[in-house]
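Engineer: no sequence for this one, just the structure:
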């Protein structure tokens, strides 16, 4: 639901099944990485000036943030065709 929400807000459309599968796979890989490296998760979410909500699950927060960055870097996000 979170990935679909982010995708829809950035691109103005629902993700296709192919898009959703790719983003869910990326989320799982990022979650595995950040779950095994708490220091990397903390460092990633510390980027920026907004305070970190310590009640959040940091590996999940970091993984979802990485997926959102991927959505923002899609060609479709950058250009209109």
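Structural biologist: It's in. On a predicted model such as this, the values are computed, not experimentally measured, just so you know. Numbering: from 1, shown residues only.

Engineer: and the most centrally placed residue in the chain, how far is that from residue 39?
Structural biologist: Compute the mean C-alpha point of the chain, and by C-alpha atoms, centre = their mean the closest residue is residue 67, 2.4 Å away. For residue 67, the distance to residue 39 (C-beta to C-beta, to the nearest Å) stands at 20 Å. Where C-beta positions appear, they are placed from N, C-alpha and C, glycine not excepted.

Engineer: flag every buried residue along the longest helix along the chain.
Structural biologist: When the chain is parsed with DSSP state H, its longest helix is helix 17-36. Neighbour counts over helix 17-36 (16 or more other C-beta atoms under 10 Å) mark 19, 23, 26-27, 30-31, 33-34 as buried.

Engineer: so what's residue 7 up against?
Structural biologist: Taking C-beta atoms under 8 Å, 6 or more residues apart in numbering, we find residue 7 in contact with 13-15, 19-20, 23, 71.

Engineer: packing partners for the lowest-mean-pLDDT helix or strand in the chain?
Structural biologist: With mean pLDDT, DSSP states H and E as the measure, the helix or strand of the chain carrying the lowest mean pLDDT is helix 75-78 (a mean of 84). Applying 3 or more C-beta pairs under 8 Å, 6 or more residues apart in numbering; DSSP states H and E, one finds that helix 75-78 contacts helix 2-11.

Engineer: report the inter-axis angle for the helix it packs on versus helix 17-36.
Structural biologist: Angle, helix 2-11 to helix 17-36, by axes from the mean of the first three to the mean of the last three C-alpha atoms, to 10 degrees: 120 degrees.
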